[in-house]
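Student: Pasting the sequence and the predicted model now:
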Amino acid sequence: MNRVRTHYQNLQVQEDASPEVIRGAWTALTRKWDPDRNPQRREHAERMRKVIDRSYHILSDPDLRREHDAWIRVQRAAAEASDPAPVEGRVPAPRAPGATVPGSRRTPAGLTRIALAWIGAFALMWWLFDDYLDRREFPNRNLVVEYGAMEELALRRNHVGHYLAPGTINGEPVVFLLDTGATQVSIPAHLAGELGLHAGLRGRAMTANGAVDIWQTRIDELALGPFVLANVRGHINPGMTDDQVLLGMSVLRHLEFAQRDGQLILNMPR
């Protein structure tokens with residue numbers, strides 16, 4: 001039994017409706033529930049407009065729509081697991097509170113199915129929540145750019161205002177944290193070996209945790225989106241404990257960059 005009230009129902013469209021159909025339904029319902037057209041039911045019309053606008057906001061965003069579709073599947077699976085199978089043509093008779101219904105006792109197999117359904121529902125909700133946190137932290141994680149396919153790279157900032165981007169060092173995948181305040185590329189020491197980097201001259205650098213010893217290194221090839229640079233200066237930093245590579249001005253000085261509408265736009269100078 002479908003007990004789930006969805007945003008599709010709020011907009012009166014099918015769950016496989018195209019973006020054009022969704023927008024058309026939202027436009028029609030917005031006109032229908034314009035408070036100025038419903039002076040006798042203004043408060044109700046205003047509530048309906050909020051519901052309609054919220055549903056359109058969810059369904060017009062591909063990521064939010066996928067999350068909503070997954071939520072619908074979870075809710076329906078849980079409802080189906082908890083509802084006894086109906087008998088065709090029979091209407092359940094009313095019963096007194098606390099009375100038992102013959103044949104309503106759950107079998108071990110039925111309880112197992114219910115338990116598995118709930119486990120699956122919780123697993124899916126956990127995956128969705130984890131995916132949401134990942135996208136919030138790293139909105140550019142699925143960035144895929146073929147070399148030479150474009151000359152501009154637009155990066156969205158994450159929830160704390162940082163610009164993270166996937167890239168490669170010597171052909172190995174890394175996550176770059178772009179920092180115009182850093183002089184060089186700073187690589188966590190625990191990543192140096194797998195990136196094929198060799199420690200050179202020893203030096204000192206200031207970090208958030210104070211001064212640390214570093215080792216100068218040279219990166220044969222560094223790629224960020226469509227941009228590929230060779231023989232880049234960097235240093236190996238044992239004070240960095242995460243897996244992000246700090247991308248400083250030894251790379252960014254070769255690019256033109258500007259911030260616009262919450263994005264960092266990178267271009268190769270002409």
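Tutor: Perfect, thanks for sending it.
Student: going forward, measure contacts between C-alpha atoms and count neighbours the same way
Tutor: Noted.
Student: all strands for this structure, in order.
Tutor: In the chain, the strands defined using DSSP state E lie at 152-156, 164-169, 172-178, 185-188, 202-207, 210-224, 227-237, 244-247, 256-260, 263-267.
Student: which one of those is the most hemmed in?
Tutor: strand 185-188 (a mean of 25; mean count of other CA atoms under 10 Å).
Student: could you dump the strands of the chain to JSON lines with distance to Ser18 and mean pLDDT?
Tutor: Compiled in JSON lines, the strands of the chain are given as follows (distance: least, CA to CA, whole Å; pLDDT from 0 to 100):
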{"stretch": "strand 152-156", "distance to Ser18": "26", "mean pLDDT": "81"}
{"stretch": "strand 164-169", "distance to Ser18": "31", "mean pLDDT": "88"}
{"stretch": "strand 172-178", "distance to Ser18": "35", "mean pLDDT": "89"}
{"stretch": "strand 185-188", "distance to Ser18": "45", "mean pLDDT": "92"}
{"stretch": "strand 202-207", "distance to Ser18": "50", "mean pLDDT": "79"}
{"stretch": "strand 210-224", "distance to Ser18": "35", "mean pLDDT": "89"}
{"stretch": "strand 227-237", "distance to Ser18": "36", "mean pLDDT": "91"}
{"stretch": "strand 244-247", "distance to Ser18": "39", "mean pLDDT": "91"}
{"stretch": "strand 256-260", "distance to Ser18": "30", "mean pLDDT": "80"}
{"stretch": "strand 263-267", "distance to Ser18": "28", "mean pLDDT": "82"}
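Student: Please identify which of the ones you listed is closest to Val51.
Tutor: Set against Val51 and scored by CA to CA, the strands of the chain come closest in strand 152-156, at 28.9 Å.
Student: Provide the strand pairings for that closest one, with the direction of each partner.
Tutor: Neighbouring strands of strand 152-156 in its sheet, by DSSP bridges, are strand 263-267 (antiparallel).
Student: so how far is the strand it pairs with from its chain's centroid?
Tutor: Here strand 263-267 is found 21 Å from its chain centre; the criterion is CA atoms, centre = their mean, to the nearest Å.
Student: do stretch 217-227 as well
Tutor: With CA atoms, centre = their mean, you get 27 Å for stretch 217-227.
Student: do stretch 193-212 as well
Tutor: 32 Å.
Student: just stretch 25-33 next, same as before
Tutor: Mean-position distance between stretch 25-33 and its chain equals 30 Å (CA atoms, centre = their mean).
Student: how about the strands of the chain in TSV, adding distance to Ser55?
Tutor: Listed next are the strands of the chain as TSV, based on distance: least, CA to CA, whole Å:
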stretch	distance to Ser55
strand 152-156	25
strand 164-169	30
strand 172-178	35
strand 185-188	44
strand 202-207	46
strand 210-224	37
strand 227-237	40
strand 244-247	37
strand 256-260	28
strand 263-267	27
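Student: For Glu194, which of the ones you listed is the nearest?
Tutor: When the strands of the chain are compared by CA to CA, strand 172-178 sits nearest Glu194, at 7.8 Å.
Student: Which neighbours in the sheet does that closest one have, and how are they oriented?
Tutor: For strand 172-178, pairing defined by DSSP bridges yields strand 164-169 (antiparallel), strand 244-247 (parallel).
Student: Let me know the angle separating it from strand 210-224.
Tutor: With axes from the mean of the first three to the mean of the last three CA atoms, to 10 degrees defining the directions, strand 172-178 sits at 120 degrees from strand 210-224.
Student: neighbouring contacts of strand 172-178?
Tutor: 162-168, 194-195, 243-248 (CA atoms under 8 Å, 6 or more residues apart in numbering).
Student: could I get the strands paired with strand 172-178 as CSV with distance to Leu29?
Tutor: As requested, those are exported to CSV (distance: least, CA to CA, whole Å):
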stretch, distance to Leu29
strand 164-169, 40
strand 244-247, 47
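Student: Quick one: closest of the ones you listed to Ala182.
Tutor: Of all the strands paired with strand 172-178, strand 244-247 comes closest under CA to CA, at 7.3 Å.
Student: Distance of Arg218 relative to Val185?
Tutor: 10 Å (CA to CA, to the nearest Å).
Student: Same question for Gly193.
Tutor: When Gly193 is compared with Val185 (using CA to CA), they lie 16 Å apart.
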